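Participant: build me a model from this:
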Amino acid sequence: MSIVVDNLSKKYEEQVALDSISFKINKGEIVGFLGPNGAGKSTTMKILAGFIAPSSGEAIVNEQNVLTHPNEVKKSIGYLPENNPLYEEMYVREFLEFIAKIHKIKEHKKAVNEAIAKVKLEKESHKKIGQLSKGYQQRVGIAQAIIHDPSVLILDEPTTGLDPNQLDEIRNLIIDLGKTKTILLSTHIMQEVESICDRILVINNGKLVADDAITSEKSKTKAQTFEVEFDKEISLNKLQNISGVSKIEAKGKSWIISSEKENDLRLIISQFAAKNNLLILTLQKHSDNLEDIFKKLTQ
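Facilitator: Residues are numbered from 1 along each chain as shown. Next comes the predicted model:
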C-alpha cells in the first residue's frame, strides 16, 4: 500500500479543515482527488508531503508515518504544490541541480538530465524559468518533483491555467509517469480525471464523501435520461403526461427526458409516442458524467 490515511483531522482553532477522513491508495494507482475550493484537498496533500502536521489521525506513505519518520517520507514523495513555486531568475538546469543537491543526489547532473528528458524540456533547458510559458513552467515543477525518483507523486492542480495543447501534453506526461509511480492528483477538470485516473476520492467540507472506481461511481445512479426527437412538434404540457417522468428539458428539436424510477424509460416513451401518433426519429441514452456526479456529491 503506497498511502494509508486513517481518521485524519486538521483544525485551525475553531475551523475544521479535515474531519476524520480515511482512505488507502495501492501501488501504481492514479487517483483523482476532487472537491470544491476549501474542501480540504490541499490540506490533505500538505500533510502527506510533510509540510503541515495533522491535529489527529495517521498518514502513512510507503509504510512510514509522516510524523515519526518525516525524512523517509519526503525521500519517497515528489510534491508539486498548487502555486508551483519556482525561482524565475534561475536557469532551468541551474534550478534542477539546486533541487538535486538538496536531495543529496550523488550523480546530480545525471539526475537532472534524466528529469529533463522525462518531461521533454531539452529545448528549453538553457532558458531562465521566468522566460518559459506556463506549460513549460509546469514541466519544470514536475521535473523537480521527480528528480529524486520518488515512488509516490502528489500533484496539486498541475494543469491550472494551461491552454488545450499544454493540457494534453501535461496529461500525457502524467499518464506516462503513472506507469511506474503512484499518483494522487488534485484537479477541478473532470475530463482530466476521466482520461487519467483509475479511481476518485471526493472530499466536501472536510469529509470524504466518495471513494470508488470511476466506472463504479457512474453506475450507482438510478436515474434514467434519454434524448428523444419526434417527427412532429409536441408541447411540453403534453410530454408531462408521460408516466414517471421527473424532468423534461428542450434541446433544439429534441427533448431530454429523465426518470428516477426503475421502469424502462425507453418502453414508456415508445408507448407514449404510439398513443399520440408520433414517430421516434432518435432515442439516445444519457449517462451521468463525472461532473454531474461531482455536483450531486458536493452540493
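
Participant: what's around residue 16, how many residues?
Facilitator: Applying other CB atoms under 10 Å, we find 16 residues neighbouring residue 16. Just so you know, the C-beta spots here come from the backbone N, C-alpha and C atoms, and that holds for glycine as well.

Participant: what's the separation between it and residue 163?
Facilitator: Computed with CB to CB, to the nearest Å, the distance linking residue 16 and residue 163 is 37 Å.

Participant: what about residue 4, how many neighbours?
Facilitator: With other CB under 10 Å as criterion, residue 4 counts 17.

Participant: pLDDT value on the residue nearest to it when sequence neighbours are not counted, please?
Facilitator: Distance criterion CB to CB, 6 or more residues apart in numbering; nearest residue to residue 4, sequence neighbours excluded, is residue 60 at 4.2 Å. Note on residue 60: pLDDT of 96.

Participant: cool, and residue 174?
Facilitator: 91.

Participant: give me the three-state assignment for the residue nearest to residue 4.
Facilitator: strand (DSSP: H, G, I helix; E, B strand; the rest coil).

Participant: hang on, it packs against residue 3?
Facilitator: Yes: applying CB atoms under 8 Å, one finds residue 60 in contact with residue 3, separated by 7.2 Å.

Participant: what segments of the stretch 51-200 of the chain are helices?
Facilitator: Listed in chain order, the helices of the stretch 51-200 of the chain (DSSP state H, counting those that start in this stretch) span 70-76, 92-102, 108-118, 134-146, 164-177, 190-196.

Participant: dump those to TSV, plus mean neighbour count.
Facilitator: Shown next, in TSV, are those (neighbours: other CB atoms under 10 Å):
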stretch	mean neighbour count
helix 70-76	16
helix 92-102	18
helix 108-118	17
helix 134-146	22
helix 164-177	16
helix 190-196	18
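
Participant: identify whichever of the ones you listed lies nearest to residue 10.
Facilitator: helix 70-76 (16.2 Å; CB to CB).

Participant: let me know the average pLDDT across that closest one.
Facilitator: On average, helix 70-76 scores 93.

Participant: that helix - contacts with which helices or strands?
Facilitator: Judged by 3 or more CB pairs under 8 Å, 6 or more residues apart in numbering; DSSP states H and E, the packing partners of helix 70-76 are strand 64-65.
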